[in-house]
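>>> here's a sequence, model it:
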Amino acid sequence: MGVTRSESGEHSTAIGDPAAGGPAPYDPRPRLRLRFFASLVLIGLLLGLLIGRLVDPGPVRLEAVQALPEGLQLRFDREPALHQEYLDGAFGMLVQAEGRDQQGELRIDGMPVRWRIQPSERGLLVNFVAVRALRVQWQGEERDGGWWMVLEVSPATP
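Residues are numbered from 1 along each chain as shown. Okay, here's the model as predicted:
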């Protein structure tokens with residue numbers, strides 16, 4: 001019978017068998033597992049971004065402005081958030097929407113009222129300016145696949 005020592009390299013155990021006292025063989029499986037799970041995470045992230053992009057409706061857009069005898073009519077693609085402020089002889093409204101710069105003039109009870117819609121960092125600024133104090137009432141409703149807002153301007157009663 002022969003000895004089980006590996007003196008001449010002629011033994012029955014495989015090279016690198018830890019049971020025989022040799023070095024452990026190179027195992028590529030842990031590295032492949034890491035790559036596999038990293039690719040799953042990357043694919044999940046990309047799919048999540050894609051679905052989020054498809055579901056996100058984007059910013060509200062101002063589609064049309066029409067001057068009425070008593071104010072303005074604005075048409076948006078959907079309902080925007082807004083904030084309004086009164087100043088002496090002026091009215092300002094910040095609408096969370098995107099649109100282009102527009103301006104015009106109205107005559108309310110013989111008084112000229114200038115209006116302007118201008119884009120800013122936080123949305124659209126809708127301004128009415130007149131010599132006397134103004135009172136602006138707005139109403140909004142959803143119809144025809146969009147959101148309509150009517151701004152009615154009148155002189156403020158003292």
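>>> from now on I want contacts and neighbour counts done on CA atoms only, so please keep to that.
Fine.
>>> closest to the centroid, which residue in this protein?
Gly58 (5.3 Å; C-alpha atoms, centre = their mean).
>>> does that one count as helix, strand or coil?
coil (DSSP: H, G, I helix; E, B strand; the rest coil).
>>> what does the pLDDT read for it?
With respect to pLDDT, Gly58 scores 83.
>>> one more: Leu94?
92.
>>> partners of it in the sheet?
Judged by DSSP bridges, the bridge partners of Leu94 are His83, Leu125.
>>> how far away is the residue nearest to the centre of the chain from Gly52?
In this view, Gly58 and Gly52 are 11 Å apart by C-alpha to C-alpha, to the nearest Å.
>>> so what secondary structure elements neighbour the helix or strand hosting Ile51?
Using DSSP states H and E, Ile51 sits within helix 29-55. Using 3 or more C-alpha pairs under 8 Å, 6 or more residues apart in numbering; DSSP states H and E, no helix or strand is in contact with helix 29-55.
>>> distance of Pro155 relative to Leu87?
For Pro155 relative to Leu87 (C-alpha to C-alpha), the value is 13 Å.
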